[in-house]
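Q: here is my input; please provide its structure:
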Amino acid sequence: MMPPGTDCPSTSPDPAIAKLRSGVKQVALPPDFHPIAAIRCESPIRMVPGDGEWQFADAQRADSGLAGLLADLHLPSQTGSPDTVCPAVGLVMEPFALVDTSGKVISPLLPTAVCGFPLPQVTNAINALPWRTETEQRLHQTRTQAEIDTGCSAQYKYMFEHPVTGTPEPWSKVRRPMNPAPETVCVYTIEPPAAGDYIAVGSFTRGAKLTATQQTAIAAALGNASQTPAPACTAKATRFASLEGPGAGLLVELDGCKRIRWPNDFMSTAPTTLLRLIMSLG
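A: Residues are numbered from 1 along each chain as shown. This next block holds a predicted model:
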């Protein structure tokens, strides 16, 4: 969990936002405190045209409509009976505070319902304020444009290291009459396993949505794959591809042992034509 205020933009010129970012302790709202504005910080995820998906830090301010909220903030918290059953979930409130004419910033304690959650009328009153965004700042990218365009995931487990149970049938015997015709190829670079993990993970490097011609060529190359299990091999791959689409869902090592791991976990040697087709994409 991030410390309070860390989702406030560091680039905001508003002194009140700077105070909220530094961490304002929640306190009971003093009866003689007369706010003129409310401030809050949000961390939405938004698309940036041509540059993928990003998490932002937004600083917002509302300079009117506070009367109803102030009345709700002075409501008493509710108490429940000893046998009250509450859900085992937590709630993290976005940084929120009130500002008076002197610039003093107070983050008010919100009256709660019997299970400790803020009263719905209080959160509704906060959300109903006429908020305007003063500052927005990009924090980090959550999906690249290439991931969005291809539908490839940012990471994929290198399943060739995952143990196979039993002796899978050659894929050519179980796939018919359906022949894999992938729609997307996603290429990953293998990263060293993290501490405690026994399977390495690949990070997305490139991908492509296949044209009809490319689909036909790759399906043909897959059809020429050997029915014989891949021989024992200890060469370490640095790259692999995930071939995805209806009837597909298979992995191909692009170097190292150069194997195909089929949907039923059968592994065979990848035809050279298939490797060349994949490497030519993107």
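Q: list the contacts for the closest residue to residue 51 other than its chain neighbours?
A: Taking CB to CB, 6 or more residues apart in numbering, and ignoring the residues beside it in sequence, residue 51 has residue 145 as its nearest neighbour in space, at 6.0 Å. Where you see a C-beta, it was placed from the backbone N, CA and C, and this is true even at glycine. Contact criterion CB atoms under 8 Å, 6 or more residues apart in numbering gives 50, 51, 52 as the residues in contact with residue 145.
Q: ok, the first one to residue 146 distance?
A: Applying CB to CB, to the nearest Å, the value for residue 50 to residue 146 is 11 Å.
Q: same check on residue 67?
A: The span separating residue 67 from residue 146 equals 50 Å under the rule CB to CB.
Q: the two: which has the busier surroundings?
A: When neighbours are counted by other CB atoms under 10 Å, residue 67 and residue 146 differ, and residue 146 comes out ahead with 16 against 9.
Q: where does that one land on pLDDT?
A: Per-residue confidence (pLDDT) for residue 146: 94.
Q: same question for residue 200.
A: Among the per-residue scores, residue 200 holds a pLDDT of 87.
Q: ok now do it, which residues does it touch?
A: Applying CB under 8 Å, 6+ apart to residue 200 gives the contacts 157, 158, 161, 190, 191, 192, 193.
Q: can I have the buried ones of those as a ChimeraX selection?
A: Selecting just the buried residues from the contacts of residue 200 in ChimeraX takes one command, with 16 or more other CB atoms under 10 Å as the test:
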select :157,158,190
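Q: thought residue 111 was touching residue 118?
A: Yes: taking CB atoms under 8 Å as the contact criterion, residue 111 and residue 118 are neighbours in contact, 7.1 Å apart.
Q: in a strand, that's where residue 208 is, yeah?
A: Yes: judged by DSSP: H, G, I helix; E, B strand; the rest coil, residue 208 forms part of a strand.
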